[in-house]
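1. what's the 3D shape of this:
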Amino acid sequence: MQPSMTPFLAVRALGQRLDGDTTDYDELLEMVHGRDLVLLGEATHGTAEFYRMRAEITLRLIAECGFDTVAIEGDWPGAWRINRFVQGEGTDNATSALDDFERFPEWMWRNREVRDFIAALREITLERRALLLHLGRTLQLLARILEVRPDTTSATTIGELIELNPILEDGVLLGHVSAFLNVEDFIARTLRAFCAWPQALLDEKLDHDALAVSVRDALFGMNLPGWHSCTTGLRAEVACFGLEPAGRRGVRRREAARTTTPTRRRTDVSGPQADATAPRDIERDKDKTERTSESVEGLSPSNGAERTNEQSLPEFE
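-> The predicted structure follows:
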């Protein structure tokens, strides 16, 4: 019978070293594969490092494993306001969306890590909606071209068609494809480029590469300047559209983990300029002249200091 290990030896034998890079949680995500529910806890409430780790793991679960719901243990009104922000509703930004967390312990939610996390969730939610709207505008453009085609039969190229109907120049694609492209060819290529989009936008995992490559190959080919201008406009709403070649992402491929995981953000709190430029979190930065801690829990005010419930976060941009 083997002797049982001490807690120290058990941790050393089974613990996974975190090096601060995008592969830290690869083995964890391999364990999650095929599961419908994942519970993420924390050893202490309000510790910034744990909040960042939890956010990074959650974003990878969404991007690589198809999870689409995040539930928290928090006050319902405050959580509902965050949900509206993530869904693109209301007028809140990432900072003001946390304002309904006013009861103790408000610092569990009103902090930089949660703010950045819900901003990332909103971006994920809105990009699928933006791609769907892009598809709708493309179909509207084709319908408009077919509508005016009987009166513009003399126009054989896209450039000639735009000359006869200047309003078409503002179409979602016409301003970027080659002006010498045959009109009938453009219609056929556009249908081919977007025929898989309706199903792809319903897929559990959004394959940005496949969506982009279908449009690039069908409509632009060697027209790299046109493709660049087309994707630049769309990236205002879908940040990663057209940035990477096909085949770089996958649910269980580690290459995907290295390219899609948000970069870990670190804040240097040292030096005289840090106090002037770093945003404050409730409790976390209080009395920092006497002690330095990344935890926002369990700090009591120094002698004579008054504890307040004020929150000061920078406006999210």
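2. where exactly do the helices run in the chain?
-> 7-14, 26-32, 48-65, 76-86, 112-148, 158-164, 183-194, 197-200, 208-215, 224-234, 254-260, 274-277 (DSSP state H).
3. among those, which is nearest residue 95?
-> Among those, helix 112-148 comes nearest to residue 95, with 5.8 Å by C-beta to C-beta. Yep, even glycine has a C-beta here, placed from its N, CA and C like the rest.
4. residue contacts, the closest residue to residue 87 other than its chain neighbours?
-> Nearest residue to residue 87, sequence neighbours excluded (C-beta to C-beta, 6 or more residues apart in numbering): residue 125, at 6.0 Å. By C-beta atoms under 8 Å, 6 or more residues apart in numbering, residue 125 lies in contact with 86, 87, 88.
5. what's the spacing between residue 99 and residue 127?
-> Residue 99 sits 25 Å away from residue 127 when distances are taken as C-beta to C-beta, to the nearest Å.
6. which of these two has more residues huddled nearby?
-> More crowded of residue 99 and residue 127, by other C-beta atoms under 10 Å: residue 127, with 18 against 14.
7. test my guess that the more buried one contacts residue 235.
-> No - with contact defined as C-beta atoms under 8 Å, residue 127 does not reach residue 235; the gap is 10.0 Å.
8. in this protein, which ranges drop under the pLDDT threshold?
-> Scanning the chain for pLDDT under 70 picks out 1-2, 243-317.
9. one more time with 50, if that's ok
-> Along the chain, the model assigns pLDDT under 50 to residues 245-280, 282-284, 286-312, 314-317.
10. list the contacts for the nearest residue to residue 38 once chain neighbours are set aside?
-> Setting aside the residues directly before and after it, residue 38 is nearest to residue 32 in space (C-beta to C-beta, 6+ apart), at 5.6 Å. Residue 32 sits next to 38, 61, 65 when contact means C-beta under 8 Å, 6+ apart.
11. residues contacting the second one?
-> Listed by C-beta under 8 Å, 6+ apart, the contact set of residue 61 reads 29, 32, 38, 67.
12. kindly recompute the last result at 7 Å.
-> Residues counted as contacts of residue 61 (C-beta atoms under 7 Å, 6 or more residues apart in numbering) are 32, 38, 67.
13. could you measure from it over to residue 203?
-> 16 Å.
14. then residue 118?
-> Separation of residue 118 from residue 203 (C-beta to C-beta): 24 Å.
15. mind checking which of these two has more residues around it?
-> residue 118 (22 against 11).
16. thinking that one is in contact with residue 83, fair?
-> No - using C-beta atoms under 7 Å, residue 118 makes no contact with residue 83, being 9.2 Å away.
17. re the thing from before, need the helices of the chain in CSV (columns: distance to residue 170).
-> Formatted as CSV, those follow (distance: least, C-beta to C-beta, whole Å):
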stretch, distance to residue 170
helix 7-14, 60
helix 26-32, 43
helix 48-65, 33
helix 76-86, 31
helix 112-148, 10
helix 158-164, 10
helix 183-194, 16
helix 197-200, 21
helix 208-215, 18
helix 224-234, 12
helix 254-260, 33
helix 274-277, 42
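18. out of those, which is closest to residue 240?
-> Closest to residue 240 of the helices of the chain, according to C-beta to C-beta: helix 208-215, at 5.4 Å.
19. list the buried ones in that closest one?
-> Neighbour-count burial for helix 208-215 flags 208, 209, 211, 212, 213, 214, 215 (criterion: 16 or more other C-beta atoms under 10 Å).
20. same check on stretch 179-190?
-> For stretch 179-190, by 16+ other C-beta under 10 Å, it's 181, 183, 186, 189, 190.
21. nearest to residue 44 among those residues?
-> Nearest to residue 44, judged by C-beta to C-beta, of the buried residues of stretch 179-190 is residue 190 at 54.6 Å.
22. what sits against that closest one?
-> Contact analysis of residue 190 by C-beta under 7 Å, 6+ apart lists 138, 142, 173, 219.
23. just residue 98 next, same as before
-> The neighbours of residue 98, taking C-beta under 7 Å, 6+ apart as the test, are 82, 109, 110, 114, 115.
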